[in-house]
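K.L.:
3D, please:
(2 chains)
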Amino acid sequence: MVPEQLSPSLQQWSIYLAENVIPDESDFAPLLVNAYIAGGKQREALFKTDDAPEGSFVPGGMVFILPHVLAGILAAAPYILNLVGSAASINNTLTTVCNILSLHDRAKQTLVGPKPQQGNDPGQEPIHSIRRIVSIIDEQLKNTSLPDEERDCIAYRIIRALLEQPDGTIEAIGRLQGST
Amino acid sequence: MSTVPEGGRLPLPPYLWIWLIIFIVTFPFNLNFLQILLSDIFSPVPLPGEEVLPFGFLLRLANCVELFPLLLIIIGVLSLAVPSIRQSYLQRKYGLTDEVQIPIILEASTFIRRYLPDISISNNPLRGDQVAFIYPVSFQKAGIGLMGGVGKLWKGDNESARGVLLHEIAHIQNGDTLITGAGSGFRTLFNYWPVLFIVTVAVPVFIVWVMTSYLAFAEISGLMPSGEVVTYKFEQFLLFFLPSLFFMLLTNLMWVASVIFLPLAALWYSELAADCVAARCQGTPAPLARALRLYSVPVSWWRWFLARMTHPPTRIRLFMLQRVSSPLSHMVLLILMFPVAMVVSMLFTVLYYASFDLSILWATQTPLSTTASIFPRVAGITAALLVFVGLGIMLWPSIVRFLDGFPCDEGDSSFLQWKRAHLGGGIMTLIMALLLGVLFV
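P.N.:
As a prediction, the model looks like this:
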């Protein structure tokens, strides 16, 4: 059952994001995004790490990564909106991000993530926005079980997915910012 | 009606049920102990030695810390009489529902219903921190909670997810569903035990010691130079107060161990037995081992310890899974786990009395012989229970054939190994009983 509260475009956006970032969670993406936007206890449940009861397979599992991605997107919203603001900016940034990701894939080695810079204005060049987004998302993903070298790569994949679906990204950020 | 998975059609002894029988049989001893503890706490007349110590009545509180594990396990066992309590509790705690139906959950449900057509399945795909677990719906019906974790695994590593579900199915077919709830208080016990020990044992003992020291200080201050008095009291603190507290801690820890060790061993065994059935059904332990490694994430040592109140360490589970390919030795190892735990549990009981004797000896210089008098009795009871368990193990293959009536090919090697493992395990248990009886009773 797909949640009714989520518009078709947002459902599509959530699946696209998950498929490109965490494919294992793509089937749950509309549910997870809906619960995150709903806020309150529904959102809290996404981040819970309770002990499992007797008779479970293991004493505890691992939380979903997508809610942490959403938290990262929400925290980096000004920088993301800055990137998706114009078609020219999207194209340039996409080229940059795709180049970085192809380096990742080809070299199969850890790429040292750009260091966050203090006092950056979101209105500056796209590269500053990318740096800030990567830094914010990376910080958020530290709460998951993802290894360090994967976090960096995932942050760039998130940016690529967001830029490839700019309308959905703007709508999603609007809904995320409106949620509590 | 349930269909037994092909690879798991030869079940191992249901030690959770055997523990429950043992608990009920030995309940009069626990009840007697409970009465002693309660009468000590609420006694209207001063207890021996209480009047001579300032604030001596505070020492009564120490009984609470011994009462706590006993009460938790009694409540756990009593709750088994109403399975719907556990169902409601788990549904509320983990937000289980049957309203959300996404394809992955439906696929997993279809897989489960191939083995258990009448099972009640509920889910909460939003909780990725949980994988899957069983719960009782009624005395006849079991339920499985499918959580986000297993859904994610279903997509990422389908074979592992099937292994996880077969593990849960094995739990249900082994009859664990109705009993696992008896151990639900173990994590609560260790979450609150340290605080309870400090509040009901350490603080009262410290208050009594300080007050006693204060009065003694007033008496001897005129007889000794003040420097010597301080040194004397410091020595008293180091050589009397701290060791006394240590012995009290030891006594209480041994008590907790003697109360929970056997049911804990039965819980661990139920997990290992379910792993064994799942691995045999799949024909290989690899998918289950992958799932175990996936969920084996680093946690704090305290969280790791609390997790051991429900599940054995991943290393032990992987060790046992590696031996699935040698069915005879693997089964004998599993079968002997509970009888050995019975002997260890007996040793914890003896150590409890020994540390109690030591603490009294240290505090009052009065030698007690509780351990010497209790040991033959405890050993005798354990030996008798081991005879019961040993015979149960030996008869288990016949009981299974009588209850399930599955057709067995007497020449089938896996069937022969299963029978031999039970015969061997039963004989070894009886030898343990004999040794205990001959040497200590």
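K.L.:
ok, is the host helix or strand of B:Phe197 in contact with chain A or not?
P.N.:
In this assignment (DSSP states H and E), B:Phe197 forms part of helix B:186-197. Yes. Judged by CB under 8 Å from any CB of the partner chain, helix B:186-197 comes into contact with chain A through B:Arg187. (C-beta placed from N, C-alpha, C; glycine too.)
K.L.:
Show me the contact partners of the helix or strand that that helix is followed by.
P.N.:
Downstream of helix B:186-197, the first helix or strand assigned by DSSP H and E is helix B:203-220. Residues outside helix B:203-220 that contact it (CB atoms under 8 Å, 6 or more residues apart in numbering or on different chains) are B:53-56, B:58-59, B:61-62, B:229, B:232-233, B:236-237, B:241, B:244-245, B:248.
K.L.:
go on, stretch B:329-342?
P.N.:
B:12-13, B:15, B:18-19, B:261-262, B:265-266, B:268-269, B:272-273, B:276, B:320, B:323-324, B:382, B:385-386, B:389-390, B:393, B:417-418, B:421-422, B:424-426, B:428-429, B:432.
K.L.:
State the mean pLDDT of that stretch.
P.N.:
For stretch B:329-342, mean pLDDT is 96.
K.L.:
Now do that stretch: distance to the chain's middle.
P.N.:
Put simply, stretch B:329-342 sits 16 Å off its chain's centre (CA atoms, centre = their mean, to the nearest Å).
K.L.:
same question, stretch B:311-331
P.N.:
Mean C-alpha position of stretch B:311-331 versus that of the full chain (CA atoms, centre = their mean) differs by 19 Å.
K.L.:
got any ranges where chain A has weak pLDDT?
P.N.:
For chain A, applying pLDDT under 70 flags the ranges A:1-4, A:86-91, A:94, A:97, A:99-125, A:180.
K.L.:
At which residues are the helices of it located?
P.N.:
Here chain A has its helices, by DSSP state H, at A:8-21, A:29-38, A:40-47, A:66-75, A:77-83, A:87-107, A:126-141, A:148-164, A:166-178.
K.L.:
Near chain B, which residues of chain A? Just list them.
P.N.:
Proximity of chain A to chain B, by CB under 8 Å from any CB, involves residues A:1, A:23-28, A:31-32, A:35, A:42, A:45-46, A:48-64, A:145.
K.L.:
So for the chain, the centremost residue is which one?
P.N.:
Let's take chain A. Centroid check for chain A by CA atoms, centre = their mean gives A:Val69 as the closest residue, at 3.3 Å.
K.L.:
Not quite, go with chain B.
P.N.:
Closest-to-mean residue, chain B, CA atoms, centre = their mean: B:Leu264 / 1.7 Å.
K.L.:
That residue is in what secondary structure piece?
P.N.:
Secondary-structure assignment from DSSP H and E places B:Leu264 in helix B:242-282.
K.L.:
Same check on B:Tyr135?
P.N.:
strand B:132-136.
K.L.:
One more: B:Val150?
P.N.:
Using DSSP H and E, B:Val150 sits in helix B:148-156.
K.L.:
hey, C-alpha coordinates of the next helix or strand after that helix in CSV?
P.N.:
Per DSSP H and E, the first helix or strand lying C-terminal to helix B:148-156 is helix B:158-173. Output of helix B:158-173 as CSV, limited to C-alpha atoms (Å, rounded to 0.1, in the frame of the first residue of the first chain):
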residue,chain,number,x,y,z
ASN,B,158,17.4,-13.0,-0.7
GLU,B,159,18.9,-16.3,0.4
SER,B,160,20.0,-14.8,3.8
ALA,B,161,16.5,-13.4,4.3
ARG,B,162,15.0,-16.8,3.6
GLY,B,163,17.5,-18.2,6.1
VAL,B,164,16.3,-15.7,8.7
LEU,B,165,12.7,-16.6,8.1
LEU,B,166,13.5,-20.3,8.3
HIS,B,167,15.1,-19.6,11.7
GLU,B,168,11.8,-18.0,12.9
ILE,B,169,9.8,-20.9,11.4
ALA,B,170,12.1,-23.3,13.3
HIS,B,171,11.4,-21.5,16.5
ILE,B,172,7.7,-21.9,16.0
GLN,B,173,8.1,-25.6,15.1
